[in-house]
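Student: Fold the following and give me the result.
(chains A and B)
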Amino acid sequence: MEQILKAKAINKKFGDVYACNNLSIELYTGEVVGIVGESGSGKSTLLNCLSGSLVPDGGNITYLDRDNNWLDLLSLPEPRKRNLLRTEWAFVHQNPRDGLRMAVSAGGNIGERLMAIGYRNYSQIRAEATEWIEKVEIDAIRLDDKPSIFSGGMQQRLQIAKNLITKPRLIFMDEPTGGLDVSVQARLLDLIRSLVRELGLSVIIVTHDLAVARFMANRLIVMKNGKIVETGLTDQVLDDPQHSYTQLLVSSILKV
Amino acid sequence: MLEVKNVAKSFNLKNLDKGKFSVIRDACFNVNSGECVALIGNSGCGKSTLMRMIYGNYVCAEGEIYIDKENILDLKAIEMSILRKQKMGYVSQFLRVLPRVSTIDLVMEPLLDQFESRARAKDIAETLLSRLNLSSQLWHLSPLTFSGGEQQRVNIAIGFSKDYKLLLLDEPTASLDRENKKIVMDMISEKKEKGSAILGIFHDKEVRDKVCDREIDVSNFSAS
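Tutor: Down below sits the predicted model:
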């Protein structure tokens, strides 16, 4: 059991409002941590700080890279950070347009990530891209189409394929199944879960859907007003919540 | 294998007036390897609550719970989830699984978690499902549309797929017919022989008489 990411005392203010108020979080290899909370609670801000897309006002973030070196992310040179994002990390955005190049074909979007980690053989890239596009339930004949003519749900699936194809070690996900049909959602969550198991991936997943959190996360962090109000084993937090806000959240779920 | 010491539990519903309930106080007992112990007592006396605290599903604020000499109240969430995967099986009354995942994959999951090969995991899962009389036509379907008895057998197959040191069974035979009930009783006896410590809730007296070595009356720990 080894830590892969450590964040200490993260602060981020927008104007006078704290989006992250002195937050500390640790992630272990193979662990899936869910961050839940109402919109505006600071969960996406925290994710953006951890993944380096936002610079926090204060705090300290370190990451254990593939070669077993602890990297200080806040002082890491920009090119090295971009390299991490292309190779060891993946970021699945809430809006697929933020994670895809809309003017490049679906296959090109996926192949790009493979080329970034050294793939050069065209037919091999195409074969893996085909395999992955089918894994996320997009018909392989769409490989040469541009994502701009895909539906929102298809774009999101493409983004997930693009991110997972290189088998990153650490994945950040911001509402990854937000705009998806429930039928596709279940399939994708299962796919992500088997990859986590097979490859020992570590995942931080931000969601407001407690059902997604229950099936995906080992551990849950509940946020409100920029603070962590509760954390623990996912089923413990959902079945025996201790904080009044978590109790309200859990008791408000509609059951089908 | 399992030692419960001075455990107390209350629920505090903070958004309600008078939302505080004490359920259990001063619960003390143990379960040894190779032994099956039944929790008994009236409905609502806290049997499932106690079991869920041992599984780490409910927060235990008072007392100590040792599993294989380790106090689970001292463990971090990640350590508890590893302990569960390695040592503790739990068959709940309800099947709660991801939609669209096939029955066979669900049964294989705990084995794959422990790095069994796919072929061996599949072999074990198929043997268990056949033994529990689940038709092979159903193996590749999600159990969410199955009947109550079939779902219960899927849950049992998931919980029995490995030789856990501690097995928690919450009414595993409640919706089973005679034939399947007998099979599950045999399976429990086999796990005992292999050295598992088993803690169960069985409303069926016949099952208790057949497989349990001792009974613990949870109403003795009642807080009211």
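Student: Quick one: list the elements packing against the lowest-mean-pLDDT helix or strand in chain A.
Tutor: One helix or strand of chain A scores below all others by mean pLDDT, DSSP states H and E: helix A:182-199, with a mean of 80. Here helix A:182-199 touches helix A:152-164, helix A:210-216, going by 3 or more C-beta pairs under 8 Å, 6 or more residues apart in numbering or on different chains; DSSP states H and E. Every C-beta, even on glycine, is put in place using the N, C-alpha and C of the backbone.
Student: So which bits of the first one are buried?
Tutor: Of the residues in helix A:152-164, those buried by neighbour count under the rule 16 or more other C-beta atoms under 10 Å in any protein chain shown are A:153-164.
Student: Determine how far the next helix or strand after it lies from the middle of the whole chain.
Tutor: Sequence order places strand A:170-174 as the next helix or strand after helix A:152-164, per DSSP states H and E. Its chain's C-alpha centre and that of strand A:170-174 lie 2 Å apart, by C-alpha atoms, centre = their mean, to the nearest Å.
Student: Next up, the contacts around the residue in chain B that chain A sits nearest to.
Tutor: Distances between chain B and chain A by C-beta to the nearest C-beta are smallest at B:Lys14, namely 3.6 Å. Residues near B:Lys14 by C-beta atoms under 8 Å, 6 or more residues apart in numbering or on different chains: A:243-244, A:247.
Student: Next, count neighbours for the closest residue in space to B:Met187 that isn't next to it in sequence.
Tutor: What sits nearest to B:Met187 in space, not counting adjacent residues and going by C-beta to C-beta, 6 or more residues apart in numbering or on different chains, is B:Phe160, at 5.8 Å. The local packing of B:Phe160 (other C-beta atoms under 10 Å in any protein chain shown) involves 26 other residues.
Student: residue contacts, the residue in the stretch 51-200 of chain A that chain B sits nearest to?
Tutor: Residue nearest to chain B within the stretch 51-200 of chain A (C-beta to the nearest C-beta): A:Ala186, separated by 4.2 Å. A:Ala186 sits next to B:98-101 when contact means C-beta under 8 Å, 6+ apart.
Student: thinking again about what came up before, let's have the buried residues of helix A:152-164 in JSON lines, adding distance to B:Ser92.
Tutor: Output for the buried residues of helix A:152-164, formatted as JSON lines (distance: C-beta to C-beta, whole Å):
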{"residue": "A:Gly153", "distance to B:Ser92": "33"}
{"residue": "A:Met154", "distance to B:Ser92": "37"}
{"residue": "A:Gln155", "distance to B:Ser92": "38"}
{"residue": "A:Gln156", "distance to B:Ser92": "33"}
{"residue": "A:Arg157", "distance to B:Ser92": "32"}
{"residue": "A:Leu158", "distance to B:Ser92": "37"}
{"residue": "A:Gln159", "distance to B:Ser92": "35"}
{"residue": "A:Ile160", "distance to B:Ser92": "31"}
{"residue": "A:Ala161", "distance to B:Ser92": "34"}
{"residue": "A:Lys162", "distance to B:Ser92": "38"}
{"residue": "A:Asn163", "distance to B:Ser92": "34"}
{"residue": "A:Leu164", "distance to B:Ser92": "31"}
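Student: residue boundaries of the strands in chain B?
Tutor: B:2-12, B:20-31, B:36-40, B:62-67, B:70-71, B:88-91, B:166-170, B:197-201, B:214-217 (DSSP state E).
Student: any chance of the ones you listed in a markdown table, with distance to chain A too?
Tutor: Shown next, in a markdown table, are the strands of chain B (distance: least, C-beta to the nearest C-beta, whole Å):
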| stretch | distance to chain A |
| --- | --- |
| strand B:2-12 | 8 |
| strand B:20-31 | 11 |
| strand B:36-40 | 18 |
| strand B:62-67 | 13 |
| strand B:70-71 | 14 |
| strand B:88-91 | 10 |
| strand B:166-170 | 13 |
| strand B:197-201 | 17 |
| strand B:214-217 | 22 |
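Student: before we move on, the earlier item: the contacts of A:Ala186 into CSV, with extra columns for pLDDT and neighbour count?
Tutor: Formatted as CSV, the contacts of A:Ala186 follow (pLDDT from 0 to 100; neighbours: other C-beta atoms under 10 Å in any protein chain shown):
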residue, pLDDT, neighbour count
B:Leu98, 84, 21
B:Pro99, 84, 16
B:Arg100, 84, 17
B:Val101, 89, 20
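Student: Mind putting these into JSON lines with distance to B:Glu35?
Tutor: JSON lines is the format used below for these (distance: C-beta to C-beta, whole Å):
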{"residue": "B:Leu98", "distance to B:Glu35": "34"}
{"residue": "B:Pro99", "distance to B:Glu35": "38"}
{"residue": "B:Arg100", "distance to B:Glu35": "39"}
{"residue": "B:Val101", "distance to B:Glu35": "34"}
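Student: and which of these is nearest to B:Ala77?
Tutor: The nearest member of these to B:Ala77, counting by C-beta to C-beta, is B:Leu98 at 20.5 Å.
Student: neighbours around the nearest residue to B:Leu128 once chain neighbours are set aside, how many?
Tutor: In space, and not counting its chain neighbours, B:Leu128 is closest to B:Ala157: 4.5 Å by C-beta to C-beta, 6+ apart. By other C-beta under 10 Å, the residues close to B:Ala157 number 27.
Student: Could you do A:Ala129 as well?
Tutor: The burial count for A:Ala129: 25, using other C-beta under 10 Å.
Student: pretty sure it contacts A:Gly111?
Tutor: Yes - here A:Ala129 reaches A:Gly111: they are 5.4 Å apart, a contact under C-beta atoms under 8 Å.
Student: how near is the residue in the stretch 101-250 of chain A that chain B sits nearest to to A:Gly37?
Tutor: Residue of the stretch 101-250 of chain A nearest chain B, by C-beta to the nearest C-beta: A:Ser244 (3.6 Å). Distance of A:Ser244 to A:Gly37, computed by C-beta to C-beta, to the nearest Å: 14 Å.
Student: more neighbours, these two?
Tutor: Set A:Ser244 next to A:Gly37 and count neighbours by other C-beta under 10 Å: A:Gly37 wins out with 26 against 17.
Student: Check the gap between that one and chain B for me.
Tutor: The spacing between A:Gly37 and chain B, counted by C-beta to the nearest C-beta, to the nearest Å, is 17 Å.
Student: Can you pull the residues of chain B lying near chain A?
Tutor: Within reach of chain A by C-beta under 8 Å from any C-beta of the partner chain, chain B has these residues: B:11-15, B:52, B:56-59, B:77-82, B:96, B:98-101, B:112-113.
Student: re earlier: make a markdown table out of the helices and strands packed on helix A:182-199 and add distance to chain B and mean pLDDT.
Tutor: Shown next, in a markdown table, are the helices and strands packed on helix A:182-199 (distance: least, C-beta to the nearest C-beta, whole Å; pLDDT from 0 to 100):
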| stretch | distance to chain B | mean pLDDT |
| --- | --- | --- |
| helix A:152-164 | 15 | 88 |
| helix A:210-216 | 5 | 90 |
